[in-house]
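In: this is a predicted model, with the sequence first.
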Amino acid sequence: MERQKQFQEAGQAIERDRIKGMTENLAKFREALESFVAQHSDEIRSNAAFRGHFHALCAHAGVDPLASRKTAWSKLLGLGDYYYELGLQIIEFCLATRPLNGGLVALDDVLAALRRRRGRAARDEVGKEDVRLALRRLRELHGGYEVTAIGGREFLRSVPEGVSADLTAAIDSCREDGYTSVAALCRELGWEEYRAEDVLRATLRDGLAMLDEGAPDGERLYWFPSLFPGLQVGGGG
């Protein structure tokens, strides 16, 4: 019993030393990171790739440079304001293009619109990681903004409902042609007709697809504007 107690105490001492060492190392890492910020603040602000590496370092250190606009890092880098401004531009673009795409738009189109809007005056092109970080700010507004992958492409969803598995499968199945039909979904996905009809009715209701009843064979075709690159780049001013 005494030996077991000694082993337990020894284990606790080792754990305390380990935690102390980790805490000290983390503190040193944060100090080095602060020094890095002071030396490279201009490059962090102006270079999207460099910003991405910086945020990865911050995550490793358990530091959130965007947590508050009033922190020393936010004041030095101006990143808090940068991402709030970027978030507002994303909202404006999504609202302007929602009548066309129902709130589902290719992330590449979002990036193109942001870069076009910001113009050459912007210090650096906006990157995908910048959009993700800006969306993290938007979560505070409970706006339902999220990036989702469909068929190997990334899309920005700007309505709270999210993207169902059936909708994802339907869009993925027609990503090459940009349109589908009840018969096509039944054939390609092995669905029952009612399931395909339910999904496609929802796409019309939510504004994700446009109905074409003019096909030569009379089949009703559902076209997805979000699958056509560049179609909505001009939105958002």
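Out: Perfect, thanks for sending it. Numbering: from 1, shown residues only.
In: could you chop this structure up by domain?
Out: 2-65, 84-227 (automatic domain parsing).
In: mean pLDDT lowest for which of those domains?
Out: Mean pLDDT across the domains of the chain is lowest at domain 2-65; the value there is a mean of 61.
In: what helices or strands is the helix or strand containing Leu135 leaning on?
Out: Applying DSSP states H and E as the criterion places Leu135 in helix 128-138. Counting contacts by 3 or more CB pairs under 8 Å, 6 or more residues apart in numbering; DSSP states H and E, helix 128-138 packs against helix 48-61, helix 79-101, helix 107-118, strand 146-150, strand 153-157. Every C-beta, even on glycine, is put in place using the N, C-alpha and C of the backbone.
In: can you say which of those is nearest to Leu167?
Out: Evaluated over the helices and strands packed on helix 128-138, closeness to Leu167 peaks at strand 146-150, with 8.5 Å, by CB to CB.
In: then that closest one to CSV, C-alphas only?
Out: The C-alpha coordinates for strand 146-150 follow below in CSV (Å, rounded to 0.1, in the frame of the first residue of the first chain):
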residue,chain,number,x,y,z
GLU,A,146,-20.4,28.6,-43.7
VAL,A,147,-18.1,27.0,-46.3
THR,A,148,-19.1,23.6,-47.5
ALA,A,149,-17.5,21.1,-50.0
ILE,A,150,-19.6,19.7,-52.8
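In: would you mark the buried spots in that strand?
Out: Using 16 or more other CB atoms under 10 Å as the test for burial, strand 146-150 gives Glu146, Ile150.
In: elements contacting it?
Out: Packed against strand 146-150, as judged by 3+ CB pairs under 8 Å, 6+ apart, are the following elements: helix 128-138, strand 153-157, helix 165-173.
In: between the helix holding Leu135 and helix 79-101, how many degrees?
Out: Going by axes from the mean of the first three to the mean of the last three CA atoms, to 10 degrees, helix 128-138 is angled at 90 degrees with respect to helix 79-101.
In: tell me the first helix or strand C-terminal of the helix or strand encompassing Asp198.
Out: Asp198 belongs to helix 193-205 when assigned by DSSP H and E. Next helix or strand after helix 193-205 toward the C-terminus (DSSP H and E): strand 210-212.
In: hang on, the earlier thing: how about the helices and strands packed on strand 146-150 in JSON lines, adding distance to Ser226 and mean neighbour count?
Out: Output for these, formatted as JSON lines (distance: least, CB to CB, whole Å; neighbours: other CB atoms under 10 Å):
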{"stretch": "helix 128-138", "distance to Ser226": "16", "mean neighbour count": "19"}
{"stretch": "strand 153-157", "distance to Ser226": "6", "mean neighbour count": "21"}
{"stretch": "helix 165-173", "distance to Ser226": "8", "mean neighbour count": "18"}
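In: nearest to Asp198, out of the ones you listed?
Out: Using CB to CB, those put helix 165-173 closest to Asp198, at 7.9 Å.
In: please save the CA atoms from that closest one in CSV.
Out: The C-alpha atoms that make up helix 165-173 are tabulated as CSV, following Å, rounded to 0.1, in the frame of the first residue of the first chain:
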residue,chain,number,x,y,z
ALA,A,165,-26.8,15.4,-47.7
ASP,A,166,-29.4,14.9,-50.4
LEU,A,167,-28.9,18.4,-51.8
THR,A,168,-25.1,17.9,-51.7
ALA,A,169,-25.5,14.7,-53.7
ALA,A,170,-27.8,16.2,-56.2
ILE,A,171,-25.5,19.2,-56.9
ASP,A,172,-22.5,16.9,-57.0
SER,A,173,-24.2,14.7,-59.6
